[in-house]
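Engineer: Model the following, please.
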Amino acid sequence: MGNRKSRPSLMSFIRTQFHCWLWLVVILFFVLLGGRFCLSAADSLDTLMNDYCTFKASFDKGDINADIAVGNELGTANGGNLPVFQDGIRGKALLINETSVKDVRYTSDSNFVLSKPGAISFWVQPVQWLRGDGLPNLPGGKAGQKVQTGMVFFSTSIGKANFVIKRQTTHDITRDESDRLLIYSSAFNGLRDIRLWHKDMIWREGEWHHLVLTWSRQDIVLFIDGSRVGQTVIEKPMEITPDTFTLGSQFGTSILLDEFCIYSKQLTDEEVKLLHADIISSKKQRMEK
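Structural biologist: I've put the predicted structure just below:
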């Protein structure tokens, strides 16, 4: 008699089916988990925008007025020229220099409240910060002479009180020195000035960088490109908010400014990372098309 092929037992068949279904459940679990994570991130961004964004100027419509504003959305340009818009990190960006506008002013009017927890988020690209020979593009000065220059990204003031985010640097005309990002506030809290420095501000032409400054009644935290880079304590809360705030202020250097937002809460590290990743992801998708 020839050998007969043995039939698989019932238990063997059940085990095989069980393993197949188990793997299917495991795969489905991870698919759903990934989808839930994506939805969670999207929900978090939607919540930030819908519940906490009090002001947003994307400049995508080719004007300086805000897309979102709890108060007045109109902007006022300074510099005597029409605003110039170029390709931004997402859509269009506002060029701030002597050929476009030197600065744009908006009414605080519930759009911006410095005396309560909040955050400012925006994207910046350097424009002609270096000359053709690689040296600093600074107005005037002679070789060997120190020249202090800067670019104000955001400012607000009332009387002697001011709150500023700016690029601050002192250069020798014949060599480049490290730029610094400076955040300072004076006379708002009646105590010492608040100063927060970030020294390694090495930004290249054509690069976009994400700045977030977020504050509570106890501290101010600075993020660059999604990472926390500085923090300082507020000894006494800032109790007043000026009537207006300003984007830009031309002092010898130029920038492209994009996706400017104000939030009515102190952002967490995770929320800042989500904001940064959202823009980077959309930029990558556009480049792949």
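
Engineer: When you work out contacts or count neighbours from here on, use the C-alpha atoms and nothing else.
Structural biologist: OK.

Engineer: Do a quick rundown of the strands in the stretch 151-289 of the chain.
Structural biologist: For the stretch 151-289 of the chain, applying DSSP state E, counting those that start in this stretch gives strands covering 161-172, 180-186, 194-198, 209-215, 219-224, 227-233, 244-247, 254-263.

Engineer: Kindly reformat those strands as CSV containing distance to D63, mean neighbour count and mean pLDDT.
Structural biologist: Shown next, in CSV, are those (distance: least, Cα to Cα, whole Å; neighbours: other Cα atoms under 10 Å; pLDDT from 0 to 100):
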stretch, distance to D63, mean neighbour count, mean pLDDT
strand 161-172, 23, 19, 73
strand 180-186, 28, 19, 72
strand 194-198, 32, 18, 76
strand 209-215, 21, 22, 94
strand 219-224, 26, 20, 92
strand 227-233, 31, 15, 89
strand 244-247, 14, 19, 94
strand 254-263, 12, 24, 94
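
Engineer: D46 is nearest to which of these?
Structural biologist: strand 254-263 (12.7 Å; Cα to Cα).

Engineer: could I get the strands of the stretch 151-289 of the chain as a markdown table with distance to G75?
Structural biologist: Below are the strands of the stretch 151-289 of the chain laid out as a markdown table (distance: least, Cα to Cα, whole Å):
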| stretch | distance to G75 |
| --- | --- |
| strand 161-172 | 19 |
| strand 180-186 | 23 |
| strand 194-198 | 28 |
| strand 209-215 | 21 |
| strand 219-224 | 26 |
| strand 227-233 | 30 |
| strand 244-247 | 9 |
| strand 254-263 | 13 |
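
Engineer: so how far is D67 from the closest residue to K92 other than its chain neighbours?
Structural biologist: Leaving aside its chain neighbours, K92 sits nearest to D60 (4.6 Å; criterion: Cα to Cα, 6 or more residues apart in numbering). The spacing between D60 and D67, counted by Cα to Cα, to the nearest Å, is 9 Å.

Engineer: More neighbours: the two, which one.
Structural biologist: D60 (20 against 16; other Cα atoms under 10 Å).

Engineer: S157 against S185, yeah?
Structural biologist: No - at 9.3 Å, S157 and S185 do not qualify as touching, with contact defined as Cα atoms under 8 Å.

Engineer: shared neighbours, these two?
Structural biologist: F163 (Cα atoms under 8 Å, 6 or more residues apart in numbering).

Engineer: Bridged to the residue lying closest to L196 once chain neighbours are set aside, which residues?
Structural biologist: Once flanking residues are discounted, L196 sits nearest to I183: 5.0 Å by Cα to Cα, 6+ apart. Beta bridges link I183 to I165, L196, judged by DSSP bridges.
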